[in-house]
Structure formats: C-alpha cells, structure tokens
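**Q** My questions concern the predicted model and sequence given below.
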Amino acid sequence: MDKMKIRFLYFKECPNSEKALDLLREVLKEKRIDAEIEIVEIKSEEEAKKYRFLGSPTIQINDRDIEKERRNDPSVFGCRIYKTKDGHSGVPPKDMIVEAIEEVKNKEKQKVLFICTHNSARSQMAEGILRALYGDRYEAHSAGIQPTKVNPYAIKVMREFGIDISTHCSKSIEEFREKDFDYVVTVCDSAKETCPFFPGGRIHLHKEFNDPSGIKGHENEILTEFRKVRDEIKKWIEETFGGGHN
C-alpha cells in the first residue's frame, strides 16, 4: 500500500491548530500509520481556494477532507467548527480522523480470492491467515468449484494459531463472477485435482498444497497433516504477500 498523503492546514490566528495537530499525530501513532504530515499555513483567500481549505484547522487525507459532509463546501478563510457528540468544537473529534483513515485504507486494500475444489480446508485457511496477518493491506476471500462445508479440522488447527474461521462458510466461485480481484490464487494439487480457472483477476497465482481432507486415520494423524498444510500455507503467504507484493 502506498503511503497516505496527510495534510494539515491552518492559519496563524487559529487557537485550536496545535491541539488538532497533536490529536492527528496521536491517531497516526495509534494506527501505526507511517506518514509525514504536510503542514500548510494558509495566508490568503487565494490559498484557501487552492487547497480547498474549509477553515482552521483542516485535515485532508489523500486530498480529501476528513469531514465527509463538507467535502463539496466552498473554501473558508477563517476558523472552523466541527460537530461532535458533545456539541461543537474547534478541534475535530478523534473518531472523525480515525474513520477518514479507515476509509482510505479500505479503498486501497487489494482484493485476493483463494480457490480450491471444495472451499473446505486449504482456501479457507489461506483466507483466514491472510486476513489475520495482512488484513490492513488485503481483503481476503475464498471459494470453490464444488463447495461443501468448512472442515472442522481446519477450524481446529487454525484456532491453535488464534485465528477463528468457525464463522466461515463454503462458497461457490459463481458468487464472485461479477467481481474484480487483484489476485486470484488457486491452491489445489494439480496432479490430483482439476484446478478451476477464474477470469476475474488481475494477477493469477498458483501454489500447490496437498488436500488434508483426504487423509484417513486416527485423529492425531489427521491433525498432523492439517497442521503441516496450515504451516505451509502460512509460510507461502508470508513470502508472497508479506513484503508488499505487487
């Protein structure tokens, strides 16, 4: 994900600019946003129009004002009043800054679809792992060509990692036909299965993982195989998506 462009605009006479700037820095630190704040002093009505300044203090993220309702308002060369839960304030409420940041992050997330035959184990684990590790950068989904149900052993070994996929359900790739994805990843064993093709992806990746659902034996033997595949998927996801893969 590209760095956010964060701009803080004010004019000298504003009594609330320092408080608002401190609050912005606090939010960025809490959200672990590594971005420099461009601080701009507005000195004239012409500059106010140029920067779409809505009064001091104004915060813009990726050139958009944090206050959605006022994004189309005309520029204002003066003080600014924000609506808060407690009334009106010259400092924007913290949740407004947080929501604006989340809005940008969600728009910039790359969409990933993992596909296997039944959407019961491998693709489900991949979806859960990607969301848990890199959910700030990727929006994870999974599907199958013959969906059944989420394998209880997959749920169990994922829970060992602190990842809950018990609320997941098996989905058909038909549900995603009209959607666009940045990555479509097939995780089936092409030597033993027919790997599906999904046309709606900018980048297609294939990584073979054995199907642990086919293992027969005692529960410990089955769990051992599920853990092995889980760990292989986690390692591959870290290598493929952990370094800001494009």
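**A** All right, it came through fine. Residues are numbered from 1 along each chain as shown.

**Q** Tell me, how many residues neighbour residue 28?
**A** Around residue 28 there are 18 other residues, counting by other Cβ atoms under 10 Å. (Each C-beta comes from the backbone N, C-alpha and C, glycine too.)

**Q** just checking, it touches residue 36?
**A** No - using Cβ atoms under 8 Å as the test, residue 28 is too far from residue 36 to be in contact (9.8 Å).

**Q** which residues do the two both contact?
**A** When contacts are counted by Cβ atoms under 8 Å, 6 or more residues apart in numbering, residue 28 and residue 36 are jointly contacted by residue 6.

**Q** now the strands for this protein?
**A** For the chain, applying DSSP state E gives strands covering 6-10, 37-41, 54-56, 58-61, 64-65, 76-79, 82-84, 87-89, 110-116, 138-144, 181-186, 201-206.

**Q** quick one, the first one and strand 37-41 angle?
**A** Spelled out, it's strand 6-10. Between strand 6-10 and strand 37-41, the angle comes out at 20 degrees (axes from the mean of the first three to the mean of the last three Cα atoms, to 10 degrees).

**Q** ok, back up a step: which one of the strands of the chain lies closest to residue 238?
**A** strand 138-144 (12.5 Å; Cβ to Cβ).

**Q** Output the strands of the chain as JSON lines; include the columns mean pLDDT and mean neighbour count.
**A** Shown next, in JSON lines, are the strands of the chain (pLDDT from 0 to 100; neighbours: other Cβ atoms under 10 Å):
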{"stretch": "strand 6-10", "mean pLDDT": "97", "mean neighbour count": "21"}
{"stretch": "strand 37-41", "mean pLDDT": "97", "mean neighbour count": "14"}
{"stretch": "strand 54-56", "mean pLDDT": "97", "mean neighbour count": "23"}
{"stretch": "strand 58-61", "mean pLDDT": "96", "mean neighbour count": "23"}
{"stretch": "strand 64-65", "mean pLDDT": "94", "mean neighbour count": "18"}
{"stretch": "strand 76-79", "mean pLDDT": "94", "mean neighbour count": "16"}
{"stretch": "strand 82-84", "mean pLDDT": "92", "mean neighbour count": "16"}
{"stretch": "strand 87-89", "mean pLDDT": "93", "mean neighbour count": "11"}
{"stretch": "strand 110-116", "mean pLDDT": "93", "mean neighbour count": "25"}
{"stretch": "strand 138-144", "mean pLDDT": "94", "mean neighbour count": "22"}
{"stretch": "strand 181-186", "mean pLDDT": "92", "mean neighbour count": "22"}
{"stretch": "strand 201-206", "mean pLDDT": "88", "mean neighbour count": "14"}
